[in-house]
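A.B. asks: structure here, sequence nowhere to be found:
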(Lines give C-alpha, C1' and ligand atoms only; values in the text may rest on other atoms or scores of the structure.)
Protein backbone atom coordinates (compact mmCIF):
# COMPACT_ATOMS: atom_id res chain seq x y z
CA UNK A 1 0.00 0.00 0.00
CA UNK A 2 2.80 2.36 0.97
CA UNK A 3 4.79 1.34 -2.18
CA UNK A 4 1.82 2.18 -4.39
CA UNK A 5 1.51 5.61 -2.80
CA UNK A 6 5.17 6.31 -3.45
CA UNK A 7 4.88 5.28 -7.10
CA UNK A 8 1.83 7.53 -7.56
CA UNK A 9 3.70 10.43 -6.00
CA UNK A 10 6.70 9.92 -8.32
CA UNK A 11 4.41 9.83 -11.38
CA UNK A 12 2.79 13.13 -10.36
CA UNK A 13 6.12 14.80 -9.79
CA UNK A 14 7.48 13.56 -13.17
CA UNK A 15 4.39 14.81 -15.00
CA UNK A 16 4.66 18.24 -13.37
CA UNK A 17 8.32 18.56 -14.36
CA UNK A 18 7.58 17.58 -17.97
CA UNK A 19 4.74 20.12 -18.23
CA UNK A 20 7.00 22.85 -16.86
CA UNK A 21 9.75 22.08 -19.41
CA UNK A 22 7.37 22.17 -22.34
CA UNK A 23 5.88 25.46 -21.16
CA UNK A 24 9.31 27.06 -20.81
CA UNK A 25 10.43 25.91 -24.33
CA UNK A 26 7.29 27.42 -25.88
CA UNK A 27 8.09 30.86 -24.41
CA UNK A 28 11.57 31.04 -26.01
CA UNK A 29 11.89 33.43 -29.07
CA UNK A 30 12.52 31.88 -32.53
CA UNK A 31 16.09 32.54 -33.93
CA UNK A 32 16.36 34.81 -36.96
CA UNK A 33 17.61 33.07 -40.14
CA UNK A 34 19.69 35.25 -42.47
CA UNK A 35 19.42 34.18 -46.12
CA UNK A 36 22.73 33.70 -48.06
CA UNK A 37 23.80 36.55 -50.38
CA UNK A 38 22.86 36.30 -54.04
CA UNK A 39 25.43 36.94 -56.75
CA UNK A 40 24.31 38.11 -60.17
CA UNK A 41 26.57 37.92 -63.18
CA UNK A 42 27.10 41.18 -65.03
CA UNK A 43 26.64 40.95 -68.81
CA UNK A 44 29.74 41.05 -71.00
CA UNK A 45 29.55 43.97 -73.49
CA UNK A 46 29.57 42.96 -77.17
CA UNK A 47 32.48 44.23 -79.32
CA UNK A 48 31.78 47.36 -81.32
CA UNK A 49 31.69 46.93 -85.11
CA UNK A 50 34.43 48.49 -87.19
CA UNK A 51 33.69 51.63 -89.13
CA UNK A 52 33.30 51.30 -92.89
CA UNK A 53 35.96 53.91 -93.64
CA UNK A 54 38.57 52.31 -91.38
CA UNK A 55 41.27 50.42 -93.38
CA UNK A 56 41.70 46.72 -92.67
CA UNK A 57 44.87 45.96 -90.69
CA UNK A 58 47.70 44.34 -92.62
CA UNK A 59 49.16 41.12 -91.47
CA UNK A 60 52.64 41.16 -90.06
CA UNK A 61 54.05 38.88 -92.71
CA UNK A 62 52.73 40.96 -95.60
CA UNK A 63 54.08 44.22 -94.12
CA UNK A 64 57.43 42.74 -93.40
CA UNK A 65 57.71 41.29 -96.92
CA UNK A 66 56.83 44.61 -98.51
CA UNK A 67 59.31 46.51 -96.33
CA UNK A 68 62.09 44.09 -97.01
CA UNK A 69 61.50 44.24 -100.76
CA UNK A 70 61.55 48.03 -100.71
CA UNK A 71 64.77 48.08 -98.67
CA UNK A 72 66.52 45.68 -101.05
CA UNK A 73 65.44 47.72 -104.07
CA UNK A 74 66.64 50.97 -102.53
CA UNK A 75 69.99 49.46 -101.62
CA UNK A 76 70.45 48.07 -105.13
CA UNK A 77 69.69 51.47 -106.71
CA UNK A 78 72.15 53.19 -104.40
CA UNK A 79 69.50 55.65 -103.33
CA UNK A 80 68.73 56.77 -106.93
CA UNK A 81 65.17 57.42 -108.02
CA UNK A 82 63.44 54.63 -109.92
CA UNK A 83 63.88 54.95 -113.70
CA UNK A 84 60.94 55.59 -115.93
CA UNK A 85 60.11 54.75 -119.54
CA UNK A 86 62.71 52.85 -121.57
CA UNK A 87 65.14 52.98 -118.69
CA UNK A 88 62.61 51.27 -116.49
CA UNK A 89 62.15 48.46 -119.01
CA UNK A 90 65.92 48.01 -119.31
CA UNK A 91 66.36 47.87 -115.55
CA UNK A 92 63.56 45.34 -115.26
CA UNK A 93 65.27 43.09 -117.82
CA UNK A 94 68.59 43.28 -116.03
CA UNK A 95 66.90 42.43 -112.75
CA UNK A 96 65.18 39.39 -114.32
CA UNK A 97 68.48 38.19 -115.78
CA UNK A 98 70.17 38.54 -112.42
CA UNK A 99 67.37 36.57 -110.75
CA UNK A 100 67.72 33.75 -113.29
CA UNK A 101 71.47 33.66 -112.69
CA UNK A 102 70.97 33.47 -108.94
CA UNK A 103 68.44 30.62 -109.36
CA UNK A 104 70.85 28.60 -111.56
CA UNK A 105 73.70 29.15 -109.11
CA UNK A 106 71.49 28.00 -106.26
CA UNK A 107 70.57 24.85 -108.17
CA UNK A 108 74.28 24.16 -108.83
CA UNK A 109 75.07 24.54 -105.13
CA UNK A 110 72.17 22.25 -104.18
CA UNK A 111 73.37 19.61 -106.65
CA UNK A 112 76.90 19.85 -105.26
CA UNK A 113 75.72 19.58 -101.65
CA UNK A 114 73.34 16.64 -102.29
CA UNK A 115 74.92 13.18 -101.74
CA UNK A 116 75.42 11.06 -104.82
CA UNK A 117 73.13 8.05 -105.29
CA UNK A 118 74.91 4.84 -104.38
CA UNK A 119 77.71 6.74 -102.60
CA UNK A 120 79.23 6.15 -99.19
CA UNK A 121 77.17 3.93 -96.77
CA UNK A 122 75.47 5.32 -93.70
CA UNK A 123 77.55 5.63 -90.50
CA UNK A 124 75.57 2.85 -88.80
CA UNK A 125 76.27 0.43 -91.66
CA UNK A 126 79.98 1.33 -91.58
CA UNK A 127 80.20 0.67 -87.84
CA UNK A 128 78.36 -2.63 -88.21
CA UNK A 129 80.69 -3.74 -90.99
CA UNK A 130 83.69 -2.86 -88.83
CA UNK A 131 82.59 -5.21 -86.02
CA UNK A 132 84.41 -8.56 -85.92
CA UNK A 133 82.37 -11.48 -87.21
CA UNK A 134 81.56 -13.97 -84.43
CA UNK A 135 83.00 -17.44 -84.90
CA UNK A 136 80.66 -20.12 -86.19
CA UNK A 137 79.23 -22.46 -83.57
CA UNK A 138 80.71 -25.96 -83.73
CA UNK A 139 78.36 -28.69 -84.94
CA UNK A 140 76.64 -30.70 -82.19
CA UNK A 141 78.39 -33.91 -81.22
CA UNK A 142 76.99 -37.01 -82.91
CA UNK A 143 74.54 -38.99 -80.81
CA UNK A 144 75.78 -42.50 -80.12
CA UNK A 145 73.30 -45.31 -80.77
CA UNK A 146 71.95 -47.13 -77.73
CA UNK A 147 74.05 -50.23 -78.34
CA UNK A 148 77.20 -48.12 -78.06
CA UNK A 149 75.98 -45.82 -75.29
CA UNK A 150 75.07 -48.68 -72.95
CA UNK A 151 77.80 -51.14 -73.97
CA UNK A 152 80.13 -52.56 -71.34
CA UNK A 153 83.87 -52.41 -71.99
CA UNK A 154 85.66 -55.41 -73.40
CA UNK A 155 88.43 -56.49 -71.04
CA UNK A 156 90.14 -59.18 -73.16
CA UNK A 157 93.07 -58.98 -75.53
CA UNK A 158 92.33 -57.60 -78.97
CA UNK A 159 94.13 -60.41 -80.79
CA UNK A 160 92.25 -63.29 -79.12
CA UNK A 161 89.17 -65.01 -80.58
CA UNK A 162 86.06 -63.68 -78.83
CA UNK A 163 83.09 -65.63 -77.52
CA UNK A 164 79.85 -63.92 -76.45
CA UNK A 165 77.35 -65.79 -74.28
CA UNK A 166 73.80 -64.49 -73.75
CA UNK A 167 71.64 -65.95 -70.98
CA UNK A 168 67.96 -65.19 -71.68
CA UNK A 169 64.65 -65.61 -69.89
CA UNK A 170 65.82 -63.91 -66.70
CA UNK A 171 63.52 -62.20 -64.21
CA UNK A 172 60.81 -64.87 -64.05
CA UNK A 173 62.49 -66.72 -61.17
CA UNK A 174 63.87 -64.39 -58.53
CA UNK A 175 66.42 -66.75 -56.97
CA UNK A 176 67.90 -67.95 -60.26
CA UNK A 177 67.97 -64.39 -61.61
CA UNK A 178 69.87 -63.23 -58.54
CA UNK A 179 72.32 -66.12 -58.97
CA UNK A 180 72.94 -65.18 -62.60
CA UNK A 181 73.62 -61.57 -61.68
CA UNK A 182 75.86 -62.37 -58.72
CA UNK A 183 77.68 -65.55 -59.81
CA UNK A 184 78.13 -65.42 -63.58
CA UNK A 185 81.21 -63.61 -64.93
CA UNK A 186 80.59 -59.97 -65.93
CA UNK A 187 81.54 -60.77 -69.52
CA UNK A 188 78.33 -62.81 -69.94
CA UNK A 189 75.39 -60.79 -71.28
CA UNK A 190 72.05 -61.11 -69.47
CA UNK A 191 68.69 -60.78 -71.23
CA UNK A 192 65.44 -60.29 -69.28
CA UNK A 193 61.93 -61.41 -70.11
CA UNK A 194 59.30 -58.67 -70.64
CA UNK A 195 56.90 -60.80 -68.59
CA UNK A 196 59.05 -60.48 -65.47
CA UNK A 197 58.16 -58.18 -62.59
CA UNK A 198 60.51 -55.33 -61.81
CA UNK A 199 62.47 -55.57 -65.06
CA UNK A 200 63.94 -52.10 -64.58
CA UNK A 201 65.31 -53.08 -61.16
CA UNK A 202 66.85 -56.30 -62.51
CA UNK A 203 68.48 -54.39 -65.36
CA UNK A 204 70.01 -51.88 -62.98
CA UNK A 205 71.37 -54.61 -60.69
CA UNK A 206 72.90 -56.50 -63.61
CA UNK A 207 74.58 -53.39 -64.98
CA UNK A 208 75.92 -52.58 -61.52
CA UNK A 209 77.68 -55.98 -61.59
CA UNK A 210 79.24 -55.24 -64.99
CA UNK A 211 76.88 -57.24 -67.19
CA UNK A 212 75.69 -55.98 -70.53
CA UNK A 213 71.89 -56.30 -70.63
CA UNK A 214 69.19 -56.97 -73.24
CA UNK A 215 65.45 -57.62 -73.43
CA UNK A 216 63.82 -60.80 -74.74
CA UNK A 217 61.57 -60.34 -77.79
CA UNK A 218 58.95 -63.13 -78.09
CA UNK A 219 57.98 -64.09 -81.65
CA UNK A 220 55.62 -66.58 -83.23
CA UNK A 221 56.97 -70.16 -83.52
CA UNK A 222 55.91 -72.79 -86.02
CA UNK A 223 54.44 -74.81 -83.15
CA UNK A 224 51.92 -72.09 -82.24
CA UNK A 225 49.45 -72.41 -80.54
CA UNK A 226 51.04 -75.33 -78.70
CA UNK A 227 53.95 -72.99 -77.92
CA UNK A 228 52.57 -69.52 -77.19
CA UNK A 229 54.87 -66.48 -77.10
CA UNK A 230 52.31 -64.56 -75.02
CA UNK A 231 50.57 -61.21 -75.44
CA UNK A 232 53.89 -59.48 -76.16
CA UNK A 233 54.58 -61.86 -79.05
CA UNK A 234 54.96 -60.78 -82.67
CA UNK A 235 52.78 -62.69 -85.15
CA UNK A 236 52.82 -63.05 -88.90
CA UNK A 237 49.03 -62.76 -89.00
CA UNK A 238 49.06 -59.43 -87.11
CA UNK A 239 49.33 -56.10 -88.90
CA UNK A 240 52.54 -54.10 -88.83
CA UNK A 241 50.90 -51.54 -86.52
CA UNK A 242 49.90 -54.24 -84.04
CA UNK A 243 53.39 -55.78 -83.99
CA UNK A 244 55.02 -52.35 -83.62
CA UNK A 245 52.76 -51.55 -80.69
CA UNK A 246 53.79 -54.81 -78.98
CA UNK A 247 57.43 -54.00 -79.68
CA UNK A 248 56.99 -50.60 -78.03
CA UNK A 249 55.43 -52.27 -75.00
CA UNK A 250 58.39 -54.64 -74.71
CA UNK A 251 60.94 -51.85 -75.03
CA UNK A 252 59.08 -49.79 -72.42
CA UNK A 253 59.71 -52.47 -69.78
CA UNK A 254 63.18 -51.14 -69.01
CA UNK A 255 66.06 -48.94 -70.08
CA UNK A 256 69.83 -48.88 -70.65
CA UNK A 257 69.83 -52.10 -72.68
CA UNK A 258 71.79 -52.62 -75.90
CA UNK A 259 69.17 -54.51 -77.89
CA UNK A 260 66.71 -57.39 -78.01
CA UNK A 261 67.23 -61.15 -78.18
CA UNK A 262 64.81 -63.30 -80.15
CA UNK A 263 62.74 -65.89 -78.30
CA UNK A 264 60.98 -68.67 -80.27
CA UNK A 265 60.21 -67.06 -83.66
CA UNK A 266 60.76 -70.00 -86.01
CA UNK A 267 57.77 -68.83 -88.10
CA UNK A 268 58.06 -65.08 -87.68
CA UNK A 269 61.74 -64.87 -88.63
CA UNK A 270 61.01 -66.58 -91.98
CA UNK A 271 58.72 -63.75 -93.12
CA UNK A 272 60.64 -60.70 -94.45
CA UNK A 273 57.50 -58.56 -94.71
CA UNK A 274 56.69 -59.11 -91.04
CA UNK A 275 60.32 -58.59 -90.01
CA UNK A 276 60.96 -55.38 -91.96
CA UNK A 277 59.02 -52.85 -89.82
CA UNK A 278 60.33 -54.44 -86.61
CA UNK A 279 63.95 -54.24 -87.72
CA UNK A 280 63.45 -50.67 -88.96
CA UNK A 281 62.05 -49.62 -85.58
CA UNK A 282 65.01 -51.20 -83.78
CA UNK A 283 67.45 -49.48 -86.11
CA UNK A 284 65.79 -46.12 -85.51
CA UNK A 285 66.30 -46.60 -81.78
CA UNK A 286 69.93 -47.65 -82.18
CA UNK A 287 69.29 -51.14 -80.80
CA UNK A 288 70.81 -54.40 -82.02
CA UNK A 289 68.87 -57.54 -82.86
CA UNK A 290 70.11 -60.98 -81.82
CA UNK A 291 68.65 -63.73 -83.97
CA UNK A 292 68.37 -66.92 -81.95
CA UNK A 293 68.27 -68.95 -85.20
CA UNK A 294 65.24 -70.99 -84.14
CA UNK A 295 65.24 -72.17 -87.75
CA UNK A 296 67.92 -72.41 -90.42
CA UNK A 297 65.50 -70.64 -92.77
CA UNK A 298 65.58 -67.44 -90.70
CA UNK A 299 65.77 -64.25 -92.79
CA UNK A 300 66.36 -61.94 -89.82
CA UNK A 301 70.14 -61.56 -90.01
CA UNK A 302 70.27 -61.24 -93.80
CA UNK A 303 67.48 -58.64 -93.88
CA UNK A 304 68.92 -56.69 -90.95
CA UNK A 305 72.29 -56.38 -92.66
CA UNK A 306 70.63 -55.23 -95.87
CA UNK A 307 68.78 -52.53 -93.90
CA UNK A 308 71.88 -51.45 -91.97
CA UNK A 309 70.48 -52.58 -88.62
CA UNK A 310 73.11 -53.88 -86.15
CA UNK A 311 72.53 -57.59 -85.75
CA UNK A 312 74.04 -60.83 -84.53
CA UNK A 313 73.02 -64.47 -84.73
CA UNK A 314 73.46 -67.37 -82.36
CA UNK A 315 75.88 -70.08 -83.42
CA UNK A 316 74.75 -72.54 -80.76
CA UNK A 317 72.17 -72.91 -77.98
CA UNK A 318 73.94 -74.48 -75.00
CA UNK A 319 70.96 -76.07 -73.30
CA UNK A 320 67.52 -77.30 -74.28
CA UNK A 321 64.49 -78.88 -72.73
CA UNK A 322 66.61 -81.61 -71.12
CA UNK A 323 69.68 -80.09 -69.51
CA UNK A 324 72.76 -82.22 -68.83
CA UNK A 325 76.23 -81.09 -67.88
CA UNK A 326 78.07 -83.16 -70.49
CA UNK A 327 75.74 -81.88 -73.26
CA UNK A 328 76.45 -78.29 -72.25
CA UNK A 329 80.22 -78.96 -72.21
CA UNK A 330 80.00 -80.49 -75.67
CA UNK A 331 78.20 -77.43 -77.03
CA UNK A 332 80.77 -75.13 -75.43
CA UNK A 333 83.56 -77.06 -77.15
CA UNK A 334 81.80 -76.51 -80.48
CA UNK A 335 81.58 -72.79 -79.76
CA UNK A 336 85.32 -72.71 -79.07
CA UNK A 337 86.12 -74.30 -82.42
CA UNK A 338 83.85 -71.82 -84.23
CA UNK A 339 85.56 -68.91 -82.50
CA UNK A 340 88.99 -70.12 -83.57
CA UNK A 341 87.76 -70.56 -87.13
CA UNK A 342 85.74 -67.36 -87.58
CA UNK A 343 87.39 -65.15 -84.95
CA UNK A 344 84.13 -64.75 -83.01
CA UNK A 345 81.25 -66.95 -81.86
CA UNK A 346 77.92 -66.30 -80.12
CA UNK A 347 76.12 -68.76 -77.85
CA UNK A 348 72.76 -68.52 -76.10
CA UNK A 349 71.65 -70.21 -72.89
CA UNK A 350 68.64 -70.46 -70.62
CA UNK A 351 67.98 -70.10 -66.90
CA UNK A 352 69.11 -73.41 -65.41
CA UNK A 353 71.31 -73.96 -62.35
CA UNK A 354 73.29 -76.59 -64.26
CA UNK A 355 73.95 -74.14 -67.08
CA UNK A 356 75.19 -71.53 -64.60
CA UNK A 357 77.58 -74.02 -62.98
CA UNK A 358 79.04 -75.21 -66.28
CA UNK A 359 79.43 -71.64 -67.56
CA UNK A 360 81.41 -70.60 -64.48
CA UNK A 361 83.81 -73.52 -64.86
CA UNK A 362 84.19 -72.96 -68.57
CA UNK A 363 84.85 -69.21 -68.22
CA UNK A 364 87.69 -69.89 -65.76
CA UNK A 365 89.50 -71.99 -68.39
CA UNK A 366 89.39 -69.51 -71.28
CA UNK A 367 92.67 -67.73 -70.54
CA UNK A 368 94.76 -70.89 -70.78
CA UNK A 369 92.91 -71.81 -73.99
CA UNK A 370 93.78 -68.48 -75.62
CA UNK A 371 90.14 -67.35 -75.86
CA UNK A 372 88.35 -64.29 -74.52
CA UNK A 373 84.87 -63.86 -73.09
CA UNK A 374 83.20 -60.73 -74.51
CA UNK A 375 79.89 -58.87 -74.25
CA UNK A 376 77.75 -59.04 -77.37
CA UNK A 377 78.62 -55.50 -78.48
CA UNK A 378 82.31 -56.49 -78.61
CA UNK A 379 81.61 -59.03 -81.39
CA UNK A 380 79.17 -56.85 -83.34
CA UNK A 381 80.27 -56.47 -86.95
CA UNK A 382 82.75 -59.33 -86.70
CA UNK A 383 80.48 -62.26 -87.58
CA UNK A 384 80.50 -63.59 -91.11
CA UNK A 385 77.12 -64.24 -92.76
CA UNK A 386 75.30 -67.28 -91.36
CA UNK A 387 75.63 -70.55 -93.28
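C.D. replies: Sure, I can see it. Quick caveat: nothing in here was measured; it's all calculated off a predicted structure. Numbers count the residues shown, from 1 in each chain.

A.B. asks: can you give me the helices in this structure?
C.D. replies: Assigned by DSSP state H, the chain shows helices spanning 2-26, 60-77, 86-113, 123-130, 146-149, 174-183, 199-208, 240-251, 272-284, 300-307, 325-342, 353-364, 366-369.

A.B. asks: could I get the average pLDDT for the first one?
C.D. replies: I take that to be helix 2-26. For helix 2-26, the mean pLDDT works out to 71.

A.B. asks: from residue 387, how far off is residue 312?
C.D. replies: 15 Å (CB to CB, to the nearest Å). Just so you know, the C-beta spots here come from the backbone N, C-alpha and C atoms, and that holds for glycine as well.

A.B. asks: more neighbours, those two?
C.D. replies: Taking other CB atoms under 10 Å, residue 312 and residue 387 do not tie; residue 312 has more neighbours (25 against 5).

A.B. asks: what sits against the more buried one?
C.D. replies: By CB atoms under 8 Å, 6 or more residues apart in numbering, residue 312 lies in contact with 164, 288-291, 301, 346, 376, 379-380, 383.

A.B. asks: most surrounded residue in the residues you listed?
C.D. replies: Busiest of those [other CB under 10 Å] is residue 164, holding 31 neighbours.

A.B. asks: any idea what that one is bridged to?
C.D. replies: Per DSSP bridges, the residues bridged to residue 164 are residue 346.

A.B. asks: that one against residue 189, yeah?
C.D. replies: Yes: counting by CB atoms under 8 Å, residue 164 does reach residue 189; the two are 6.5 Å apart.

A.B. asks: what do these two both touch?
C.D. replies: Applying CB under 8 Å, 6+ apart, one finds that residue 164 and residue 189 are jointly contacted by 375-376.

A.B. asks: just send the contacts of residue 312 back as JSON lines, with pLDDT and distance to residue 334 too.
C.D. replies: Compiled in JSON lines, the contacts of residue 312 are given as follows (pLDDT from 0 to 100; distance: CB to CB, whole Å):
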{"residue": "164", "pLDDT": "98", "distance to residue 334": "15"}
{"residue": "288", "pLDDT": "98", "distance to residue 334": "24"}
{"residue": "289", "pLDDT": "98", "distance to residue 334": "23"}
{"residue": "290", "pLDDT": "98", "distance to residue 334": "19"}
{"residue": "291", "pLDDT": "98", "distance to residue 334": "18"}
{"residue": "301", "pLDDT": "97", "distance to residue 334": "19"}
{"residue": "346", "pLDDT": "98", "distance to residue 334": "12"}
{"residue": "376", "pLDDT": "98", "distance to residue 334": "19"}
{"residue": "379", "pLDDT": "97", "distance to residue 334": "17"}
{"residue": "380", "pLDDT": "97", "distance to residue 334": "21"}
{"residue": "383", "pLDDT": "96", "distance to residue 334": "16"}
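
A.B. asks: quick one: the residues you listed as JSON lines, columns for distance to residue 329 too.
C.D. replies: As requested, the contacts of residue 312 are exported to JSON lines (distance: CB to CB, whole Å):
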{"residue": "164", "distance to residue 329": "18"}
{"residue": "288", "distance to residue 329": "28"}
{"residue": "289", "distance to residue 329": "29"}
{"residue": "290", "distance to residue 329": "23"}
{"residue": "291", "distance to residue 329": "25"}
{"residue": "301", "distance to residue 329": "27"}
{"residue": "346", "distance to residue 329": "18"}
{"residue": "376", "distance to residue 329": "22"}
{"residue": "379", "distance to residue 329": "22"}
{"residue": "380", "distance to residue 329": "27"}
{"residue": "383", "distance to residue 329": "23"}
